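1. Sequence and predicted structure, then a few things I'm wondering about:
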Amino acid sequence: MLKVVDLHKDFGGLKVLDGVDLEVERNQVVGLIGPNGSGKTTLFNVIAGVYKPTSGEVLLDGERVDGLKPDQLYRKGLVRTFQIPRPFRKLTVLDNLLLAGREQIGERFLNVFRLIKWKMQEKELLEKAEEIMDLLNLSHLSDEYAGNLSGGQLKLLELGRALMSDPKIMLLDEPAGGVNPTLAIRLFGKIRELAETRNLTFFIIEHRMETLMNYSDYMFVLYRGKIIVEGEPKKVMDDERVIEVYLGEL
């Protein structure tokens, strides 16, 4: 689903990504770990079109997409979330979800004359939003303003908004950051369920390595802009290089 080839990103004289190579298989949950400052979020920003790479390639579903803008990648099915959720705080949970629907007829002025088709799409989006709220246990908060939600509920809403866009692959930047351990486990359980039942692919940055290890199929370790270890979770966590990196011995 996603392939990164010899990816480099420099900021002036600072080399943040130094020849990253990785592949994310379709319908898998894939983790990305590494110490602070290793380049994880920069890698996500390059893949998602926030930054242009200095050199290298990004391929989505076999098509080269490096250099495309975030909205272009969104239309191709790549969606990302951020460490800090950014909902419309003065809108309800339901309205936040409805706004995220793809290619809405009502967004174009001339489509006011296509009222029947417009209403049909609105009905479909409402049903889809209700289904997603039920899936994420947010139905009881449908009419609650997003600004009143807890940190964990905001993370679930962020995931729900991404799901409304019918993505092929989701890049999640610390989805469990700032939430309690119980909710983090529930959140990753939902991610695992979505990968298995909806044929979705997830690429996840997460500092809670024990949680990520229990729910991912494959993991990469990024250190100083390079992938130093990759493989199945247990193999990665038992690797001496990973232990040394987190103990600060490299």
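-> Sure thing, it's come through. Small disclaimer: the values here were computed from a predicted structure and weren't measured.
2. which of the residues in the longest helix belonging to the chain are buried?
-> Assignment by DSSP state H gives helix 115-135 as the longest helix of the chain. When burial is assessed from 16 or more other C-beta atoms under 10 Å, helix 115-135 yields the following buried residues: 118, 121, 125, 128-129, 132-133, 135. In short, each C-beta sits where N, CA and C put it, glycine included.
3. after it, next one along is what?
-> Next along the chain after helix 115-135, taking DSSP states H and E as the criterion, comes helix 151-163.
4. For that next one, enumerate the helices and strands it packs against.
-> helix 93-99, helix 115-135, helix 181-197 (3 or more C-beta pairs under 8 Å, 6 or more residues apart in numbering; DSSP states H and E).
5. To H8, which of those lies closest?
-> Closest approach to H8 among the helices and strands packed on helix 151-163 (C-beta to C-beta): helix 181-197, 29.8 Å.
6. Now the closest one: buried residues?
-> For helix 181-197, the buried set under the neighbour-count rule, 16+ other C-beta under 10 Å, comprises 183-188, 190-192, 194-195.
7. Show me how far it is from its chain's centre.
-> For helix 181-197, the separation from the chain centroid amounts to 13 Å (computed by C-alpha atoms, centre = their mean, to the nearest Å).
8. what domains does the record give for this structure?
-> Structural domains assigned to the chain are 2-87+167-247, 91-148, following automatic domain parsing.
9. between those, which one is nearest to R161?
-> R161 sits nearest to domain 91-148 of all the domains of the chain, at 4.2 Å, using C-beta to C-beta.
10. What's the end-to-end length of that closest one?
-> For domain 91-148, the first-to-last residue distance is 10 Å (C-alpha to C-alpha, to the nearest Å).
11. Quick one: mean pLDDT for it?
-> Mean pLDDT, domain 91-148: 82.
12. ok so, going back, identify whichever of the helices and strands packed on helix 151-163 lies nearest to E244.
-> helix 181-197 (26.3 Å).
13. what about the closest one, average pLDDT?
-> Here the average pLDDT along helix 181-197 is 86.
14. Same question for stretch 36-47.
-> Stretch 36-47 shows a mean pLDDT of 94.
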